[in-house]
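[1] sequence plus predicted model, see below.
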Amino acid sequence: MRKTEMEQIHVTLPDGSVKEYPKGTTPVEIAKSISPRLADAALVAKVRATNGNSPQEKTGIFSNSVDPAEDGSLLYDLRRPLEQDVQLQILTEKDADALYVFRHSAAHLMAAAVMELYPNVKLGIGPPVENGFFYEFLRDQPFTPEDLEKIEKKMHELANQDLQNERKLLPKAEALKLYQDTKQLFKCELIEEKADEPMVSFYTTGKFIDFCRGPHIPSTKRIQAFKLMNAAGAYWKGQEGNPQLQRIYAIAFFSQKELDEYLHRLEEAKRRDHRRLGTELDLFSVQEEAGPGLIFWHPKGGLIRTIIEDWLREELVKRGYDLVFTPHIMRFDLWKTSGHANFYKENMFGVVEVEKADYQLKPMNCPGHILIYKSKLRSYRDLPVRLAELGTVYRYERSGVLHGLMRVRGFTQDDAHIFCMPEQIEAEVEACVDFAYAVMKNFGFDKFEIELSDWDPKHPENYPGKAEDWQQASSSLASVMERMKIPYKRMVGEGAFYGPKIDVKLIDAIGRPWQLTTVQFDFNLPARFGLEYVGEDGARHQPLMVHRALLGSVERFFGILIEHYAGAFPLWLAPTQVEVCPVSEKVMDYAKHVRETLKNHDIRVHLDDRNEKLPAKIRDAQLQKIPYMLVVGPKEAEAGTVSVRHRSKGDLGPRPLADLVTALNEEISTRTIQ
Ligand SMILES: [Zn+2]
Ligand SMILES: [Zn+2]
C-alpha cells in the first residue's frame, strides 16, 4: 500500500472518545460504525478541525448558507469526505441546525419542482427562513394559488422519488458557462460575485442543479411536512430598480404534527389579532385624521385601562413607591444633559420653539424623575427613593413599522426610577422581579422567560461605566435570580452601554413570547446629572439608579391582553360584565329590576331592551364576549330568579338573583381568571 492510502485521521466524538478512520471517510460511514440507528436518523454533520483551523474550503460560497459558528464548527454533508482530524457530531431531527439545513434542502426541492413545471423561469436565491424557506423566481405571469398547489404536488412527487442531494465541484469558468447556456443570469451574477476560488460547489437534486455552498440533507424523502403559503414580489437583491422576482414562501417541519400545530397557531393568531378585535369590540382606534401610531381609547378600552392602572397604582403605593407626574414637554437642553439629544435623536419628535427657547416632547420619563430627585438634598436615610409615573412618552417610529397597539408613536409607560445605595441594590432588584411576577399572575400569565443581559468583560472599552460597577451590578443581578430560584438565560454583551438589565418575557396563550418587564441599571445618568446623597459618613456620594417598567407600555400590554384572551376578558376586566336579555316586552319591568340590582352591587351590566328575539340577543352578547348573559322571562320574574348563561360554559340554569350577585361579586373581587 502507498503511504497516502494508509493515512488515518482522528475523529473526536461528542463523548470525548477518539477514533481512527482512513482519510476520506464520510460522516455517514462513521455514524454507521457507531450505530445503524444513528446513521438512519442522521441528517447532517457538524465538524470542527481539531487543530482549531476551520475545515471550510472557500469553494462555492452560497450567499444564504449557514456560516461557520463562533467556535469554528461547520455543517457538513453526510457524504462529504473528511480530510483531517476533526471533532464530529452527527445531527438528527433533535438539533436546531439540522432543521435549518432541512429547510434549505426543501427550498431546493421547491425550485426543482418549479423548474419541471415552468422550465423557463429564472432562479434567484432560496434560503431557509424562520419556520420554513422561500425561493425566488423571475416569471412573466404571477404564480396563482392553483400554481402553488401544482408545485406542492410536484414537490411531493419528487420527494417520494428519494432523489439524492449530491455535492459537485466545477471550475468557475465551467460553472459560468453552465448558467450562461441556460440563461440563468442571476446565478451567473452570484457566481461572479461570490465565488472567489477556482472551484465552485453545486448541488444536484435529480435533474435540478443549483450553485450552492450547502450543506444539504442526503435525499428528498424526508421532506414531507411542508406547505406553500404565498407568492410575493421582491426586487432582486432587495434593491429597488432591480428586476422584480416572485418569492414563493413555504413553511416546513420535520413532522406533520409540528406543521399542523404551526398552522393552528397561525389561525389562532389571526383570530386573536388585537386590531380586528379592537374594532369589533369597540375598544380603541387609530385615526388617520389624527395621525398614524396614535391611539384613541374608546369607552370600553378606556374602562379596562382604568382598571389596569388603578390596580397598578394601588400596588405601587403598597410596595413603597411614590407617585409623581412630570411635564410632557421640557427644554431641549435637558435632553443634552441626559445625552438623549445625542444618542437617541432619531427616535425623538422634532424640537418645538417657544419664546426663542427649544423644547422637546419627552421620549423618556427618566430626566423628569431625576429633576425631582435633585430638587432637594437627599440623605442616606431617604434612600431608596422610588419614583413612579404612568408617564406618556412620544417616540418617532417610521410609519412602515407601526402596528396596532404594539408599535406606536405615543404610549404610556408604567415607569419608575429607583435611587439607592449600593448595599440596597439586591433587595431593590428582588422587589422589582417580585412585583413583575405579581403583575403577570394578576393578569393571568403564568409562563415566563428571563434574560440577564450583561456586559462583555472581554471588551470593557465598549462600556463607559467603571468596571467594578459592572461587575458588582452583574453579580448582584445573578445572585438575586439565584436566590429567588428563577431560571434565566445570561446574554453576554447584550446589556445597554449604560448598565446590565433583566428582561422578563411572558408567554401568551398560544406560546408566543412578549418582552414586557425590564429592570435596568444605569451608571451613566447619575454621573451626567451629578446626583448625590449625603452618606452616613457625612460625605457626598453618587446613588445607583435603576430604571424599571413592568407592563412596559400600557398600550402594548393591552394589545397582548386582547390577543391572550382573544377579547374574552376575565370578569373583573370585562367592560360589560353582564347582559340582561328579556324574552319579551312583558317582562321588561323585571328585567330593569335585575339591571338595577346588579348596578347597585357595582356590577357592570347592560340591558338588551331591543325588540329582538332572544337568540339574536344571545348571539350579539356572545359576539361582544360578555361573560354572563341573564335570560329573564315570566317564570324567572315570578320566582325572582335569572337563567344564567356563560359565554364559554353555556347554559348554567336558573339561580336566585341574590345568589348570583354574591357569586359575581366574589369572582370580581378575587380577580378570578376565567
Ligand atoms: Zn442552496
Ligand atoms: Zn428611565
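    Perfect, I can see it now. Ligands and ions are numbered 1, 2, ... in the order given.

[2] the strands in the stretch 1-150 of the chain, which residues?
    8-12, 18-22, 44-49, 74-76, 86-91, 122-123, 128-129, 132-138 (DSSP state E, counting those that start in this stretch).

[3] any chance of CSV for these, columns mean neighbour count and distance to residue 310?
    Where C-beta positions appear, they are placed from N, C-alpha and C, glycine not excepted. Shown next, in CSV, are these (neighbours: other Cβ atoms under 10 Å; distance: least, Cβ to Cβ, whole Å):
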stretch, mean neighbour count, distance to residue 310
strand 8-12, 16, 62
strand 18-22, 13, 66
strand 44-49, 23, 54
strand 74-76, 23, 54
strand 86-91, 22, 53
strand 122-123, 20, 59
strand 128-129, 18, 44
strand 132-138, 23, 44
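
[4] redo those as JSON lines? Include distance to residue 296 and mean pLDDT.
    Listed next are the strands of the stretch 1-150 of the chain as JSON lines, based on distance: least, Cβ to Cβ, whole Å; pLDDT from 0 to 100:
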{"stretch": "strand 8-12", "distance to residue 296": "63", "mean pLDDT": "94"}
{"stretch": "strand 18-22", "distance to residue 296": "68", "mean pLDDT": "94"}
{"stretch": "strand 44-49", "distance to residue 296": "52", "mean pLDDT": "92"}
{"stretch": "strand 74-76", "distance to residue 296": "51", "mean pLDDT": "90"}
{"stretch": "strand 86-91", "distance to residue 296": "51", "mean pLDDT": "95"}
{"stretch": "strand 122-123", "distance to residue 296": "48", "mean pLDDT": "96"}
{"stretch": "strand 128-129", "distance to residue 296": "36", "mean pLDDT": "94"}
{"stretch": "strand 132-138", "distance to residue 296": "37", "mean pLDDT": "97"}
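
[5] any chance of those strands in a markdown table, plus distance to ligand 2?
    Converted to a markdown table, the strands of the stretch 1-150 of the chain look like this (distance: least, Cβ to the ion, whole Å):
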| stretch | distance to ligand 2 |
| --- | --- |
| strand 8-12 | 49 |
| strand 18-22 | 54 |
| strand 44-49 | 43 |
| strand 74-76 | 43 |
| strand 86-91 | 44 |
| strand 122-123 | 50 |
| strand 128-129 | 35 |
| strand 132-138 | 39 |
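
[6] present those strands as TSV; the columns should include distance to residue 665.
    Output for those, formatted as TSV (distance: least, Cβ to Cβ, whole Å):
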stretch	distance to residue 665
strand 8-12	68
strand 18-22	72
strand 44-49	61
strand 74-76	61
strand 86-91	58
strand 122-123	67
strand 128-129	51
strand 132-138	50
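
[7] which residue sits closest to residue 525, ignoring its sequence neighbours?
    Leaving aside its sequence neighbours, residue 525 sits nearest to residue 545 (Cβ to Cβ, 6 or more residues apart in numbering; 5.8 Å).

[8] residue 241 and ligand 2, how far apart?
    For residue 241, the distance to ligand 2 (Cβ to the ion, to the nearest Å) stands at 43 Å.

[9] how close does that residue get to residue 234?
    Residue 241 sits 13 Å away from residue 234, going by Cβ to Cβ, to the nearest Å.

[10] ditto for residue 107
    Counting by Cβ to Cβ, the gap from residue 107 to residue 234 is 14 Å.

[11] look at those two and report which has more neighbours.
    residue 107 (28 against 16; other Cβ atoms under 10 Å).

[12] helices or strands up against the lengthiest helix in the chain?
    If you go by DSSP state H, the chain has its longest helix at helix 96-117. Contact analysis of helix 96-117 by 3 or more Cβ pairs under 8 Å, 6 or more residues apart in numbering; DSSP states H and E lists strand 44-49, strand 86-91, strand 128-129, strand 132-138, helix 145-160, strand 199-205, strand 208-211, strand 244-253 as its packing neighbours.

[13] what's in contact with the shortest one?
    To tie it back to what came earlier, the one meant is strand 128-129. Identification of contacts with strand 128-129 by Cβ atoms under 8 Å, 6 or more residues apart in numbering yields 64, 100, 101, 102, 103, 104, 106, 107, 249.

[14] same question for the first one.
    With contacts defined as Cβ under 8 Å, 6+ apart, strand 44-49 is touched by 27, 31, 54-55, 71-78, 80, 82, 84-91, 95, 97-98, 101, 215-217.

[15] chain center to that strand, what's the gap?
    In terms of Cα atoms, centre = their mean, to the nearest Å, the centre of strand 44-49 is found 30 Å from the chain centre.

[16] hmm, back to that, in the longest helix of the chain, what counts as buried?
    97-116 (16 or more other Cβ atoms under 10 Å).

[17] how about residue 629, nearest residue that isn't a chain neighbour?
    Per Cβ to Cβ, 6+ apart, closest to residue 629 is residue 645, 4.3 Å.

[18] the one you found: how many residues sit nearby?
    The burial count for residue 645: 21, using other Cβ under 10 Å.

[19] who does it bridge with?
    Following DSSP bridges, residue 645 is listed with bridge partners residue 629, residue 651.

[20] from the stretch 101-250 of the chain, which residue is nearest to ligand 2?
    residue 130 (31.7 Å; Cβ to the ion).

[21] I meant to write the stretch 501-650 of the chain there.
    For the stretch 501-650 of the chain, Cβ to the ion, closest residue to ligand 2: residue 547, 3.3 Å.

[22] over to the stretch 251-400 of the chain?
    Closest point on the stretch 251-400 of the chain to ligand 2, by Cβ to the ion, is residue 366, at 3.3 Å.

[23] do I have it right that residue 187 meets residue 202?
    No - counting by Cβ atoms under 8 Å, residue 187 does not reach residue 202; the two are 10.1 Å apart.

[24] what do the two both touch?
    Common contacts of residue 187 and residue 202 (Cβ under 8 Å, 6+ apart): residue 211.

[25] my guess is residue 631 contacts residue 621. True?
    No - using Cβ under 8 Å, residue 631 is not in contact with residue 621; the gap is 10.2 Å.

[26] who touches both of the two?
    residue 581.

[27] got the contact list for residue 558?
    For residue 558, the contact set (Cβ under 8 Å, 6+ apart) comprises 274, 283, 284, 301, 304, 305, 308, 405.
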